[in-house]
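**Student:** Curious how this folds, go ahead:
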Amino acid sequence: MDIKVLGTGCTKCNNLLKVTTEAVNELGIDATITKVEDFPKIMEFGVMTTPALVVDGKVILKGSVPKLDELKGLLNQ
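**Tutor:** I've put the predicted structure just below:
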């Protein structure tokens, strides 16, 4: 699984990275997590509000940081 956390380095963006890493570890998912901070690259995903989460090329979350259990549910879909 390829996971990208899109964000410029704000507190919410860093929190999404942390929660995503926790969720992947708890679920035992084989995933590569990358933080994308370059604004032009973020725009390539059509995202106007950060943080955002991209899984295997699809934006599944934008503009918020979910609770750990909510994120685990999203990743299990």
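**Student:** Surely residue 61 forms part of a strand?
**Tutor:** Yes: assessed with DSSP: H, G, I helix; E, B strand; the rest coil, residue 61 lies in a strand.
**Student:** hey, C-alpha coordinates of the longest helix seen in the chain in PDB?
**Tutor:** Looking across the chain with DSSP state H, the single longest helix is helix 11-27. In PDB, the C-alpha atoms belonging to helix 11-27 read as follows (Å, rounded to 0.1, in the frame of the first residue of the first chain):
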ATOM      1  CA  THR A  11       0.500  20.900  13.400                       C
ATOM      2  CA  LYS A  12      -2.600  19.200  11.800                       C
ATOM      3  CA  CYS A  13      -0.400  17.800   9.000                       C
ATOM      4  CA  ASN A  14       2.100  16.400  11.500                       C
ATOM      5  CA  ASN A  15      -0.700  14.900  13.600                       C
ATOM      6  CA  LEU A  16      -2.100  13.200  10.500                       C
ATOM      7  CA  LEU A  17       1.300  11.600   9.800                       C
ATOM      8  CA  LYS A  18       1.600  10.400  13.400                       C
ATOM      9  CA  VAL A  19      -2.000   8.900  13.400                       C
ATOM     10  CA  THR A  20      -1.400   7.300  10.000                       C
ATOM     11  CA  THR A  21       1.800   5.700  11.200                       C
ATOM     12  CA  GLU A  22       0.100   4.400  14.300                       C
ATOM     13  CA  ALA A  23      -2.800   3.000  12.300                       C
ATOM     14  CA  VAL A  24      -0.600   1.200   9.800                       C
ATOM     15  CA  ASN A  25       1.500  -0.300  12.600                       C
ATOM     16  CA  GLU A  26      -1.500  -1.400  14.600                       C
ATOM     17  CA  LEU A  27      -3.200  -3.000  11.600                       C
END
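**Student:** name the helices or strands packed onto that helix?
**Tutor:** For helix 11-27, the packing partners by 3 or more CB pairs under 8 Å, 6 or more residues apart in numbering; DSSP states H and E come out as strand 2-6, strand 32-36, helix 68-76. Bear in mind the C-beta positions are built from the backbone N, C-alpha and C, glycine included.
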